[in-house]
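[1] sequence-free structure coming up:
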């Protein structure tokens, strides 16, 4: 006798099958197979129907439902929901890969990397849930991303930074962004600055949110105003544009905390273009301690972000999850202040 899904019989229900997905989606079994295996030859409306049925039934393709004893791919994907141009322009991603590779070198696992566009998140989902990988590392995620949505139903997943949604149920490694930003502000205050602005990162990303909170916390502790805020997207160009907007306000500024070194480098150039001196007129502190911090002159005082260690810890956590070993749900890494000439 066939037992409808949802019927409480006291028995363990069989896992959803390809046939069940096909019936619910109103398509053939072959169509479902093509969709879950990442084929691009299926009409978009049919892909949508199949994906909806997969989520409704919580269907996991057989190849992805592998056991510890067999059918493991020994492949891990680093998923970056950003444009390819941004990935290759930002040293953060290369350093994360360095850390991940360092750990995986001692294991049998291989690493591949997928950059994902929100224009077609389903394509990424179909690849990852099609039995091609054993687990996923998600880096540089935004709260509105859908490429990794529902992946935890089928695969172990570890995030770089806590997800802004469903953090309580997620595994993640993060740097103490708020404490690092607080240290940056305290450095500026210790050099006699009282009008401290910030160029904050995107507010749909954990580092953007937490570094802004740390800047505000430092100013509030000192009884200073937190009105001088502009926003960027962690690129040099966005930092330069934000600095132009801050200076255009006509308000006094004698200190600036930029939420990463790329935006700090953009701000650095604009400050100099306006005939202002660093640090005499405006002291400047960044965050990350990457190559952008030492490309400029005077070099940036910045918050050291242990990026390679973050990648290594993420890889370790994910392998533990894949292999059914006990894994720490949250790992938080400390920061440190690197003092150079800009503040």
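    Arrived safely, thanks for sending. All of these numbers come straight from a predicted model, not from anything done at the bench.
[2] helix or strand right after the least confident helix or strand in the chain by mean pLDDT?
    Within the chain, no helix or strand scores below helix 121-128, which has a mean of 79 by mean pLDDT, DSSP states H and E. Moving toward the C-terminus from helix 121-128, the next helix or strand (DSSP states H and E) is strand 135-138.
[3] quick one: name whatever helix or strand follows that next one.
    Counting by DSSP H and E, what follows strand 135-138 is strand 157-160.
[4] can you list the strands that that next one pairs with?
    If you go by DSSP bridges, strand 157-160 pairs up with strand 135-138 (parallel), strand 171-175 (parallel).
[5] quick one: these as TSV, columns for mean neighbour count and distance to residue 165 too.
    (Each C-beta comes from the backbone N, C-alpha and C, glycine too.) Below are these laid out as TSV (neighbours: other CB atoms under 10 Å; distance: least, CB to CB, whole Å):
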stretch	mean neighbour count	distance to residue 165
strand 135-138	24	12
strand 171-175	23	12
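[6] any idea which of those strands gets closest to residue 222?
    Residue 222 lies closest, by CB to CB, to one member of the strands paired with strand 157-160: strand 171-175, at 23.6 Å.
[7] any idea how far the closest one is from the middle of the chain?
    10 Å (CA atoms, centre = their mean, to the nearest Å).
[8] can you list the residues that contact that strand?
    Strand 171-175 is contacted by residues 156-163, 206-207, 305-306, 310, 313-314, 317-318, 321, 327, 329-335 when judged by CB atoms under 8 Å, 6 or more residues apart in numbering.
[9] just the ones of these in helices?
    206, 207, 310, 313, 314, 317, 318, 321 (DSSP state H).
[10] now the first one, nearest residue through space, not along the chain?
    Put plainly, it is residue 206. residue 161 (3.9 Å; CB to CB, 6 or more residues apart in numbering).
[11] the one you found touches residue 205, doesn't it?
    Yes: the criterion here is CB atoms under 8 Å, and residue 161 meets it with residue 205 at 7.5 Å.
[12] what is in contact with those two at once?
    With CB under 8 Å, 6+ apart, residue 161 and residue 205 have common neighbours residue 141.
[13] residues near residue 144, how many?
    The local packing of residue 144 (other CB atoms under 10 Å) involves 10 other residues.
[14] meant to ask about residue 28
    11.
[15] for the residue lying closest to it once chain neighbours are set aside, helix, strand, or coil?
    Closest residue in space to residue 28, ignoring its immediate chain neighbours: residue 22 at 6.1 Å, by CB to CB, 6+ apart. Classification of residue 22 by DSSP: H, G, I helix; E, B strand; the rest coil places it in helix.
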